[in-house]
Structure formats: structure tokens, C-alpha cells
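>>> let me see the structure of the following:
(one chain, ligands or ions: 1)
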Amino acid sequence: MWAKRPGNQYKLVCGVAYTGLPIATVISTKQGVPMLIRRKERKGYGTKKMVEGNFEAGQKCLMIEDVIVSGSSVYETVETLQELQLSVQDAVVFLDRQHGATANLSAMGINVVSVVTMTEMMAILLKHGLVDHTTHESVLEFISSHQDTSIVTKEKSSSKEGIQVMDRKKRSFKSRIATTNQPLARKLFEIMSIKKTNLCVAADVTTSKELLSLTEKVGPHICVLKTHIDILADFSQDTVAALKDLAVKHNFLIFEDRKFGDIGSTVASQYSGGAYKIVDWADLVTVHGLPGDGVIKGLASAVNGRTRGCVLVSQMSSSGTLTSEEYIKSCGKMAENHTSFVVGFVSQSSISGDPRFIVFTPGVQLNKTTDGLGQQYVTPRAAVFERGADVIIVGRGITQASDPVAAAKKYREEAFLAYEERVSIQ
Ligand code: S5P
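Below you'll find the predicted structure:
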């Protein structure tokens, strides 16, 4: 790795925690170049320093890392060193897994050199008969279809340290509990990690009997039940009371997909009044960002001490949707300004790296790609692994299946496996 270093006259080396540390230690002692350690977490005692070692502003430091995927860990460390006025432009890594890290880091002004790339490594293994042709090809195919990583950078937030690392997709649901104070986001993370499910069923049925019977059956497999309460032909408060009992029995949240989209004062009345009295029974509701943040303030004003939250519809699954890139970004900003009420987003892409926000993705079905009325479907794996969904929303793929329970199990299993895979490699 030292022989491959991209430049010269380094006054310091710094390993990226953790595996980079022992490698940097060996390089430091063998080459006689002093070494720095950048902590992963700030110490809660003593000097509270993030970086240990002797250095002076302006000194040139070489980064050392074992494996890079997106380049985020390298970048996180570089950011801290640059804040201390160190000059860091070069990194040497052992294995480049070729998921876009060199391009990502280069865009941040960091030049990366690797000892070996995944493609080279596979060629060596193939040559020595240590992998077969099928594995070799599938790895190359995986590399070429997974070039969409991006660097996650630090962002100010209300977290304890005043710093939130934008690493939503690579963190477990359990570890994300501590990133948020929103009680329903915390509860949902807990449900997902305990029940091992990130499936939300869209129970779009038209009678109370069907709704309750479906819920009783799929309850053990879901983390959230999504309703369109206004399509029930026979709505009554008894229906929602029974639904709440089932939510307690099976430990899931109730999510009324009302898509509030009016001025604050109107949505406050729609939320708490009328026949439905949604605020009384729905843990979560959907909101369009279109009216601006008055819609969130309006809903929050009607909560009156109950534990409630909303999910911002930032991007729709339907073809021809008007949700532009600009609109999606603005929804992200709106959420950041209302973290006590906004739990996350309904989206088709990884709208935010902020681990506090939960991304729900509808338009998921295994056997179809469209419904003839504009809906567009992707598979659970594509939604979770490729698009970065935390929760998949599945309606007709389950409600119209000949065996809804078997279908729910299948969607649950595929989505959770995709989540586990995502967390393990990113
Ligand atoms: O963009 C969206 C947002 C939502 S909330 N696209 C959607 O399909 N939805 C909802 O997800 C929709 O209202 C329906 O309840 C569910 C998808 O149902 P399916 O039967 O197409 O799976």
C-alpha cells in the first residue's frame, strides 16, 4: 500500500477506523511517519478530542483504508481532518469494490489509489480456480449494476452531538432509534427490529368486515397498516376501535393515507372533525408538501397531546407525476424544519440520508409492472435495495392474492432480506 501511495512528502498518515488503523500503524512504524487517529465517536470525557496525535495546521496527511464502497468513511475522516486545517488530498486503499467510491471521492477533491480492484481480484481468483465462471460473472454483473453510491456528509441536526451523519441506508432500524426524538418514528424502528418486518399493507378494501378480517390475518407480518378510510362503504367509529385493538394485539402502527393538501386551518378541521375524526385513531397520516409547511403546522395544532406524526408525500409512484426534483428537495427541507411531527417520506427514491426519517415506498408488486391506471410497480428488492426504501407499501399484491397471508409472508420476507443485505454491505 505504501508503494502505491499517490504522492510524496506526507508528514502524517491516518487510518480510517477501524480496519484502517492497524494498517496505518504498521505503515507509520515502518516508514517513520507519525500517525493520527480520528475517533469514530467523540469521547464523553477527558479532552473530548476527535483526533489524537501531534500535528500542525497545513501538514500533509495520507489516508489509509482497507476497503472502499461509497467512500463515505474516508470522506468522514477527511472532513474532520480538514476542519483542523490539515492538508488531505490523497488516500490509499487495499481493495476498491468499485461501487463509485473513486469518482465520489474525486468529486470531493480526494485522489484515491487502490492496490487491487474487485475486478482484478476476481480475475486472480478465477485464474487460480478459486471461483467458478458463474460466480465471476455474477460479481462483475453486480458491480456494473451498482454504481449509484454517493458520499454521505455531516449535517447539523438536533442530535446529541449536534452532528447527524447522513447514513440512513446503511444503518439498522435498531440503531436509528437513538437518532430521533419523534415518538412514532422511534416506535416504528422498534417494531421493525423486534418483529423483523418492514412491510406495510395498504388495506384498500371496501367494507369494515373485510378490513378487520384482512388485518387480523396479516397483522403478525406487518409493521404498519395503511388505510383509505373514506373508501369503506360502512365506516363507523366501531370499525376504527376494533382496528386499534388489532394494532395493539399485533403491534403495528395505523397509517391513514388521507393525503392532506390544503391550508393549515382547513386540514386541522379535516384531521380532527367530520365523521372520521382521524386524529383520534390514526398514528400516522400522509400529507402533500404542496401547500407549504402551514399544512404541517395545521395538523400539529390539532393533535392535542396525542402521540401523532405525518409522512410527507414527496414523490409519487404514478406515471406522469408532477413531483419534480425541485419539489422533492423542498419536501426534504420541510421535513428537516418539522422533525417533531414529520416521521418520514413517501417516496420512490432515497430522498434523504438522514437516519431519523423513514422512507415508505408504494408501487410494489411481484407479478405486475403496471395496473393500467398509471400505477407503476417495482419488486420489494428493487424498492429496498436499489431505491433505498425502509418500508414497502403493498396493496393489491396482497389484498387481491388468492392467499393474502401467504402473499404477505412472501413480501415481508423479500423486503426484510433486502434490508438486511443493504445494511450489511453499504
Ligand atoms: O405515490 C404513491 C403514494 C401512495 S400513498 N403511490 C401509491 O400507490 N400510494 C398508495 O399506495 C395508494 O394510494 C395505494 O393505497 C397503495 C398502493 O396500492 P397497490 O394496490 O398499487 O399496491
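>>> what does the protein put close to the ligand?
Proximity of the chain to the ligand, by CB under 6 Å from any ligand atom, involves residues 202, 204, 228, 257, 286, 313, 316-317, 346, 362-363, 365, 371, 375, 393-397. (Glycine included, C-beta is placed from N, CA and C.)
>>> near Ala185, how many other residues are there?
23 (other CB atoms under 10 Å).
>>> helices - which of the residues of the chain next to the ligand land there?
Arg396, Gly397 (DSSP state H).
>>> just the ones of the residues of the chain next to the ligand in strands?
Among those, the members found in strands (DSSP state E) are Ala202, Asp257, Thr286, Val313, Val346, Ile393, Val394.
>>> most widely separated two among the residues you listed?
Val313 and Val394 (17.0 Å; CB to CB).
>>> between the two, which one's more packed in?
Val394 (30 against 23).
>>> isn't the more buried one up against Val201?
Yes: the criterion here is CB atoms under 8 Å, and Val394 meets it with Val201 at 6.1 Å.
>>> can you pull out the helices in the stretch 51-200 of the chain?
72-83, 101-107, 118-127, 133-145, 173-176, 183-195 (DSSP state H, counting those that start in this stretch).
>>> buried stuff in the fourth one?
It refers to helix 133-145. Within helix 133-145, the residues that qualify as buried by neighbour count (16 or more other CB atoms under 10 Å) are Val139, Ile143.
>>> and the residue lying closest to Thr215 once chain neighbours are set aside, which of the three is it?
Nearest residue to Thr215, sequence neighbours excluded (CB to CB, 6 or more residues apart in numbering): Leu246, at 5.0 Å. With DSSP: H, G, I helix; E, B strand; the rest coil as the basis, Leu246 sits in helix.
>>> rewinding a little: can you list the helices of the stretch 51-200 of the chain in JSON lines and add mean pLDDT?
What follows is the helices of the stretch 51-200 of the chain, written out as JSON lines (pLDDT from 0 to 100):
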{"stretch": "helix 72-83", "mean pLDDT": "88"}
{"stretch": "helix 101-107", "mean pLDDT": "85"}
{"stretch": "helix 118-127", "mean pLDDT": "95"}
{"stretch": "helix 133-145", "mean pLDDT": "86"}
{"stretch": "helix 173-176", "mean pLDDT": "94"}
{"stretch": "helix 183-195", "mean pLDDT": "97"}
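>>> export those helices to a markdown table and tack on distance to Asp354?
As requested, these are exported to a markdown table (distance: least, CB to CB, whole Å):
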| stretch | distance to Asp354 |
| --- | --- |
| helix 72-83 | 14 |
| helix 101-107 | 19 |
| helix 118-127 | 29 |
| helix 133-145 | 26 |
| helix 173-176 | 10 |
| helix 183-195 | 11 |
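>>> out of these, which is closest to Thr25?
helix 72-83 (15.3 Å).
>>> which one of the ones in strands among the residues of the chain next to the ligand is nearest the ligand?
Comparing those against the ligand with CB to the nearest ligand atom picks out Ala202 as the nearest, at 3.7 Å.
>>> in this protein, what residue is nearest the ligand?
Closest point on the chain to the ligand, by CB to the nearest ligand atom, is Gly395, at 2.5 Å.
>>> can you pull the contacts of the closest residue in space to that residue that isn't next to it in sequence?
The shortest distance from Gly395 to any non-neighbouring residue, by CB to CB, 6+ apart, is to Ala202 (3.4 Å). Applying CB atoms under 8 Å, 6 or more residues apart in numbering to Ala202 gives the contacts Lys226, His228, Asp257, Pro362, Ile393, Val394, Gly395, Thr399.
>>> one more time with 7 Å
Lys226, Pro362, Ile393, Val394, Gly395 (CB atoms under 7 Å, 6 or more residues apart in numbering).
>>> in stretch 243-253, what's buried?
Buried, per 16+ other CB under 10 Å, within stretch 243-253: Leu243, Leu246, Ala247, His250, Phe252, Leu253.
>>> what does it contact?
Against stretch 243-253 from outside (CB under 7 Å, 6+ apart): 184, 187-188, 191, 195, 212, 215-216, 219-220, 222-225, 254, 281, 283-284.
>>> follow-up on the earlier one: which one of the buried residues of stretch 243-253 is nearest to Thr134?
Checking these one by one against Thr134 (CB to CB), the nearest turns out to be Phe252, at 40.7 Å.
>>> and the pLDDT at the closest one?
pLDDT for Phe252: 98.
>>> got it, and Pro380?
So Pro380 comes in at 98 (pLDDT).
>>> repeat for Gln426
53.
>>> with Thr179 instead?
88.
>>> how does this protein divide into domains?
12-157, 171-424 (automatic domain parsing).
>>> which residue packs closest to Asp262, ignoring adjacent ones?
Nearest to Asp262 is Pro291, by CB to CB, 6+ apart, at 6.2 Å.
>>> tally of neighbours for that neighbour?
17.
>>> who's in contact with it?
Gly261, Asp262, Ile263.
>>> give me the buried subset of those.
For the contacts of Pro291, buried by 16+ other CB under 10 Å: Gly261, Asp262.
>>> any chance of the contacts of Pro291 in a markdown table, with distance to Ile110, secondary structure and pLDDT too?
Output for the contacts of Pro291, formatted as a markdown table (distance: CB to CB, whole Å; DSSP: H, G, I helix; E, B strand; the rest coil; pLDDT from 0 to 100):
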| residue | distance to Ile110 | secondary structure | pLDDT |
| --- | --- | --- | --- |
| Gly261 | 43 | coil | 98 |
| Asp262 | 47 | coil | 98 |
| Ile263 | 47 | coil | 98 |
